[in-house]
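Student: pasting the sequence and the predicted coordinates here, then a few questions.
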Amino acid sequence: MSERLETLNKARARMLEDRDAHAKVLAAPFDRDKAERARNKFIEIQILIDALDRAIGGEGAVAPTA
């Protein structure tokens, strides 16, 4: 596995952990302030995860040069 792909996979794993933390807040008893912040962060992180997935997929499509 290339160093770049490994870095992307590590970043994705970290973002999944962060997203899970915000999901727990959303699943907890409702607190409007916390829920709004958690919802916004959850969406932001999910967009980042989607971008990382595309980047990881793109790495497989690029032929190694070395």
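Tutor: Thanks, I have it.

Student: low-scoring pLDDT stretches of the chain, where are they?
Tutor: Residue ranges of the chain with pLDDT under 70: 1, 62-66.

Student: surely residue 18 meets residue 42?
Tutor: No - using C-beta atoms under 8 Å, residue 18 is not in contact with residue 42; the gap is 9.1 Å. From N, CA and C alone the C-beta is placed, and that goes for glycine too.

Student: please say which of these two ends up with more neighbours.
Tutor: residue 42 (18 against 15; other C-beta atoms under 10 Å).

Student: ok, the nearest residue to the more buried one once chain neighbours are set aside - contacts?
Tutor: Using C-beta to C-beta, 6 or more residues apart in numbering and skipping residues adjacent in sequence, the residue nearest residue 42 is residue 22, 4.2 Å away. By C-beta atoms under 8 Å, 6 or more residues apart in numbering, the residues touching residue 22 are 38-39, 41-42, 45.

Student: got it, and residue 43?
Tutor: Residue 43 neighbours (C-beta under 8 Å, 6+ apart): none.

Student: okay, and it sits in which element?
Tutor: helix 32-61 (DSSP states H and E).

Student: any idea how far residue 37 is from the residue nearest to residue 42?
Tutor: 8 Å (C-beta to C-beta, to the nearest Å).

Student: what's the closest non-adjacent residue to residue 15?
Tutor: residue 49 (5.1 Å).

Student: distance of the one you found from residue 31?
Tutor: 25 Å.
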